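*Asks:* give me a 3D structure for the following:
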Amino acid sequence: MLAGILFALGAGLMWGLIFVGPLLVPDYPGTLQSMGRYLAFGLIALPLAWQDRQRLRGLTGDDWREAFKLTLVGNLLYYAFLATAIQRTGAPVSTMIIGTLPVVIAVCANLFYGGDDGRLSWRSLAPALLLIVCGLACVNVAEMNGAGQQFDPWRYFSGIALALAAVICWTWYPLRNSRWLRQHPTLRPGTWATAQGLATLPLALLGYLLVMGQLHLTQPEFSLPFGPQPGVFIALMLAIGLLCSWLGTLCWNEASQRLPAVLLGPLIVFETLAGLAYTFALRQAWPPLLTFCGIICLISGVVVAMRIKPQPRIVPLNE
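*Replies:* Numbering: from 1, shown residues only. Coordinates of the predicted model:
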């Protein structure tokens with residue numbers, strides 16, 4: 001349990017970087033950032049795959065098909081939606097919507113996967129979820145009060161829709177990934193992270209070429225293939241590809257093999273906390289009091305959730 005929580009914390013620290021990445025290169029479309037990030041992830045996975053080639057040869061066709069599904073939905077689509085949403089609505093609003101993931105994942109895991117790992121009673125889970133909701137509300141009310149920007153209805157509501165689509169993608173991904181790993185206990189988390197990187201490479205390369213073609217037609221002034229700040233863009237994509245994609249995925253896979261799916265949802269809050277920490281560091285400012293109260297609620301919710309013991313699955317005698 002403790003090792004699983006520490007691995008989830010490590011994944012959250014890595015994934016928190018994705019909230020500041022789009023703000024560092026605001027002139028780059030979210031789709032180009034997504035494809036660039038996962039193209040870097042795929043390239044980083046190549047030498048890792050060579051070192052782990054013996055275990056990768058042991059993966060079945062079903063394993064590779066699952067890796068393609070996971071990387072398409074949980075990597076490419078999720079980050080394209082999120083990066084575009086951050087640029088359209090601003091980081092506070094997108095963070096507010098993405099910050100509901102601990103609640104959404106915990107509820108979905110309890111509904112659909114409780115029979116596999118043990119179900120948490122709603123009465124026991126409610127206080128933890130309520131604390132997390134209150135924490136997210138405090139953090140995002142503080143952010144919204146401090147965010148002054150011109151209101152563009154189309155840009156704003158399309159950003160909201162994209163952020164909601166990102167929530168759907170990242171609700172499906174960790175639950176599906178966790179179930180696959182727990183059904184295949186001999187599958188090493190590092191090997192599975194590398195396999196997802198290899199599966200990402202052709203998809204990201206194709207996507208990058210398609211986005212380049214779209215930009216050439218719609219924004220001919222945009223410098224291709226690496227935009228107006230090629231050095232910054234390439235370095236940022238490599239850093240995010242290594243830390244967020246490969247290392248973050250590795251840590252999450254380790255946590256997924258150690259913890260029930262229903263407990264993984266609250267632990268996603270580490271990503272929100274890390275994103276807030278990095279955002280305020282980028283602003284070179286301390287968070288306001290309301291934000292501190294929200295952070296305390298978030299941490300308290302996770303602690304309460306971790307203290308709940310899942311109810312064991314009752315297996316009928318005739319099974």
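*Asks:* and P153, how many neighbours?
*Replies:* The tally of other residues near P153 (other CB atoms under 10 Å) stands at 7. C-beta coordinates here come from the backbone N, C-alpha and C atoms, glycine included.
*Asks:* for the stretch 1-150 of the chain, which spans come out with low pLDDT?
*Replies:* For the stretch 1-150 of the chain, the stretches with pLDDT under 70 are 90-93, 96, 113-120, 140, 143-144, 146-150.
*Asks:* residue boundaries of the helices in it?
*Replies:* Ranges of helices in the stretch 1-150 of the chain, per DSSP state H, counting those that start in this stretch, are 2-15, 21-24, 30-51, 53-57, 61-71, 78-89, 91-98, 101-112, 114-117, 122-145.
*Asks:* other SSEs contacting the fifth one?
*Replies:* Meaning helix 61-71. helix 153-183, helix 189-218 (3 or more CB pairs under 8 Å, 6 or more residues apart in numbering; DSSP states H and E).
*Asks:* E221: which of the helices of the stretch 1-150 of the chain is closest?
*Replies:* E221 lies closest to helix 30-51 among the helices of the stretch 1-150 of the chain, at 14.5 Å (CB to CB).
*Asks:* just confirm S223 is within a helix.
*Replies:* No: under DSSP: H, G, I helix; E, B strand; the rest coil, S223 falls outside any helix and is assigned coil.
*Asks:* quick one: contacts for it?
*Replies:* By CB atoms under 8 Å, 6 or more residues apart in numbering, the contact list for S223 reads P230.
*Asks:* can you do 10 Å?
*Replies:* 27, 215, 229-230 (CB atoms under 10 Å, 6 or more residues apart in numbering).
*Asks:* and the gap between it and Y28?
*Replies:* 11 Å (CB to CB, to the nearest Å).
*Asks:* who touches both of those two?
*Replies:* Joint contacts of S223 and Y28 (CB under 10 Å, 6+ apart) are 215, 229.
*Asks:* point out where the stretch 151-300 of the chain drops to low pLDDT.
*Replies:* The model of the stretch 151-300 of the chain has pLDDT under 70 over residues 151-152, 261-262, 265.
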